[in-house]
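Novice: Kindly return the folded structure for what I paste below:
(one chain, ligands or ions: 1)
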Amino acid sequence: MAAKRMQFELSRVVQGKGKCRLGILKALGSTGHHSMDTPGCLLYSHLGTVPHLTQETLHTIKNLPYVTQVTLSAIAEHQEVLDEFKDGFRKFAGLHDTFLYCSLHDPAAPCPTGYTTNKTVSVWGSGGRIELTVAKFMALLKTVQPDWYQAMADGETWQSNTSRKRVRKSVDRSLAHLDECLLVHQNSPELEGVAVFGVVEGGDILEERVRSARETAKRPVAGFCLDGLQTGSLDQALRTELVSAVNTELPEDKPRLLQGVGRPDEVLACVEAGVDLFEGFFPFQVTERGCALCFNYSICLDPERTVLAQDEVETPLIENGEDNLEDQTQMTTFEINLKDKRFGDDFGPLVEGCGCYCCRNHQRAYVHHLLVTNELLAGVLLMIHNTVHYQGFFSAVRDSLAKDQLDALKRQVLGERGAQTVTKE
Ligand SMILES: [Zn+2]
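Specialist: Predicted coordinates for the structure are as follows:
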């Protein structure tokens, strides 16, 4: 059965330093009745499940993104079982109605480098390394039956010391992989109606980024993944420059998904550079370190939630936090560490005015207690709050774009740091 084709419509392009895009992905799902607003972030999952949350708990959260991300690295080792099951990954994982996007790697699990060859790319699951050729990669996708997938690509050029020669090779290989994927795809009735995202590589070399974007855009792809620009690989100024240059080369009417970037400050800068979609792994990383997202964005929240007032949220500054490019597991200035003793007798909600289940029913002191005694409920409550807070942030980004208030939102989210950036520019 041919699925309806996903459509992407831009409702507003804001010309400024960059080119922010407000848009909507339409005709999603088997009936084609679902949509997702952009800029937005995908729902991050481990094998289809949002970590810590059952489907039932997850769906108590309103306005979740309609697109769920699963990673081939996690699924590859289950191929035999999936083959035997026959009905695709969505049904296998007991997922509710959702649009499934299959990426190559898990953005929250750094992938060891040094294992790609001209013909293969390696992914790492819980059982170790799995080497994929395009044939194996496509066979897996036929088993998974996603709605979108990222084409196979050589993304091992994110380290700053990568040579120009290696970067050029990665662009060439990724284009060759894409052509091979498209060829198999066109001859696979099982993949009819499924959309392919081409992958733009090019490390930190501007000319290679532009070449990769131009060449990928010539292929019949439905959207683009911008790879190799993840947090920790380069500073934001360079990322903005590269993303803007790439986006100038890409067609306006196809969505651009930036991989590996989730910090609110970096998201805002990349939205300004024309990115439409992000991976939603950041709330998970925050949860894993026992932290709660706690930053300001009061431009817009959905009507069911109380507006967070400017001074109700305290954003503690962490030494060196913002300058750390090496470690994605390090706490950022957008969160509070609830394991900290000072929260042991703090009877307020995680964030004053937050309408999530955790904030409506529990106090910081209780979550602190759950964390220090290693109770599983701590992860559940934190994941609920962090997901709601992060989705609220994206909703605020979209609303600020619609109302031409992105600068005001930036000042609010970035606080002092934002103010400094604004004066410099
Ligand atoms: Zn909350």
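Novice: Neighbours of Gly128, how many?
Specialist: If you count neighbours by other CB atoms under 10 Å, Gly128 ends up with 8. C-beta: built from backbone N, CA, C; applies to glycine.
Novice: Which pLDDT value goes with it?
Specialist: Model confidence at Gly128, expressed as pLDDT, equals 90.
Novice: what pairs with it across the strands?
Specialist: Here Gly128 shows beta-bridge partners Gly125, assigned using DSSP bridges.
Novice: Would you mind measuring from Gln405 to the ion?
Specialist: Here Gln405 is placed at a distance of 24 Å from the ion (CB to the ion, to the nearest Å).
Novice: Can you list phi and psi of that residue for me?
Specialist: Backbone geometry at Gln405, expressed as degrees, to the nearest 10, gives phi -120, psi 30.
Novice: same deal with Ser103?
Specialist: Listed backbone geometry of Ser103 is phi -100, psi 170, with angles given as degrees, to the nearest 10.
Novice: what's the burial count for it?
Specialist: Residues within reach of Ser103, counting by other CB under 10 Å, total 23.
Novice: ditto for the one 3 residues further on
Specialist: Other residues lying near Asp106 total 22 when counted by other CB under 10 Å.
Novice: In this protein, which residue sits furthest out from the middle?
Specialist: Most distant from the centre of the chain: Asp345, at 34.6 Å, with distances by CA atoms, centre = their mean.
Novice: What score does that residue have for pLDDT?
Specialist: Looking at Asp345, its pLDDT reads 97.
Novice: Tell me which residues touch the most centrally placed residue in the chain, please.
Specialist: Centre of the chain computed as the mean C-alpha position; nearest residue by CA atoms, centre = their mean is Glu279, 0.6 Å away. With contacts defined as CB atoms under 8 Å, 6 or more residues apart in numbering, Glu279 is in contact with Cys41, Leu42, Tyr44, Gln69, Ser103, Pro107, Leu257, Leu258, Gln259, Gly260, Val261, Gly262.
Novice: Tell me who's in contact with the last one.
Specialist: By CB under 8 Å, 6+ apart, Gly262 lies in contact with Cys41, Pro107, Thr231, Phe278, Glu279, Gly280, Phe281, Phe282, Gln285.
Novice: With the fifth one instead?
Specialist: For Ser103, the contacting residues are Gln69, Val70, Thr71, Leu72, Tyr149, Gln150, Cys225, Gln259, Glu279, taking CB under 8 Å, 6+ apart as the criterion.
Novice: and of these, the nearest to the ion?
Specialist: Glu279 (21.7 Å; CB to the ion).
Novice: re the thing from before, out of the contacts of Ser103, which one sits closest to Ile130?
Specialist: For these, the residue nearest Ile130 by CB to CB is Leu72; the value is 8.9 Å.
Novice: what's near enough to touch the residue lying closest to that closest one once chain neighbours are set aside?
Specialist: The spatially closest residue to Leu72, leaving aside those adjacent along the chain, is Leu104, at 5.4 Å (CB to CB, 6 or more residues apart in numbering). Counting by CB under 8 Å, 6+ apart, Leu104 makes contact with Thr71, Leu72, Ser73, Val121, Val123, Gln150, Met152, Ala153, Gly155.
Novice: Return the backbone torsion pair for the fourth one.
Specialist: With angles defined as degrees, to the nearest 10, Val121 shows backbone torsions of phi -130, psi 140.
Novice: If it is in a bridge, with which residues?
Specialist: Listed beta-bridge partners, Val121: Leu132 (assigned using DSSP bridges).
Novice: rewinding a little: quick one: which of the contacts of Glu279 sit in strands?
Specialist: For the contacts of Glu279, the ones inside strands are Cys41, Tyr44, Gln69, Ser103, Leu257, Leu258, with DSSP state E as the criterion.
Novice: shouldn't Leu206 be in contact with Ser244?
Specialist: No. Using CB atoms under 8 Å, Leu206 and Ser244 do not qualify as a contacting pair, with a distance of 10.2 Å.
Novice: Tell me which stretches of the stretch 51-200 of the chain form helices.
Specialist: Assigned helices in the stretch 51-200 of the chain, in chain order: 55-58, 72-75, 79-85, 89-92, 134-144, 164-186 (criterion: DSSP state H, counting those that start in this stretch).
Novice: Comparing the ones you listed, which comes out most buried?
Specialist: helix 72-75 (a mean of 22; mean count of other CB atoms under 10 Å).
Novice: by contact count, what packs against that one?
Specialist: Helices and strands in packing contact with helix 72-75 are listed as strand 99-103, strand 121-125, helix 134-144; criterion 3 or more CB pairs under 8 Å, 6 or more residues apart in numbering; DSSP states H and E.
Novice: List the buried residues in the longest helix seen in the chain.
Specialist: Ordering each helix of the chain by length in residues (DSSP state H) puts helix 376-402 first. Burial within helix 376-402, assessed by neighbour count using 16 or more other CB atoms under 10 Å, is assigned to 378-402.
Novice: Near the ion, list only the ones from these.
Specialist: Checking the buried residues of helix 376-402 against the ion by CB under 5 Å from the ion, the ones in range are His385.
Novice: And the residue of the stretch 51-200 of the chain closest to the ion?
Specialist: Closest contact between the stretch 51-200 of the chain and the ion, by CB to the ion, is at Ile61 (10.5 Å).
Novice: That residue and His385 touch, don't they?
Specialist: No. Here Ile61 does not reach His385: they are 10.1 Å apart, not a contact under CB under 8 Å.
Novice: list the residues that contact both of these two?
Specialist: Taking CB under 8 Å, 6+ apart as the contact definition, Ile61 and His385 share the neighbouring residues Cys356.
Novice: before we move on, back to that, so which of the ones in strands among the contacts of Glu279 are also by the ion?
Specialist: Contacts with the ion are made by none of the ones in strands among the contacts of Glu279, judged by CB under 5 Å from the ion.
Novice: Which one (most neighbours) among the residues you listed?
Specialist: Within the ones in strands among the contacts of Glu279, most neighbours by other CB under 10 Å means Leu258, with 30 neighbours.
Novice: Bridge partners for that residue, pull those for me.
Specialist: Taking DSSP bridges as the rule, Leu258 bridges to Leu226, Phe278.
Novice: Which residues are in contact with it?
Specialist: With contacts defined as CB under 8 Å, 6+ apart, the neighbours of Leu258 are Cys225, Leu226, Leu229, Val243, Cys270, Val275, Leu277, Phe278, Glu279.
Novice: one step back: mind putting the helices and strands packed on helix 72-75 into a markdown table with distance to Glu201?
Specialist: As requested, the helices and strands packed on helix 72-75 are exported to a markdown table (distance: least, CB to CB, whole Å):
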| stretch | distance to Glu201 |
| --- | --- |
| strand 99-103 | 14 |
| strand 121-125 | 12 |
| helix 134-144 | 16 |
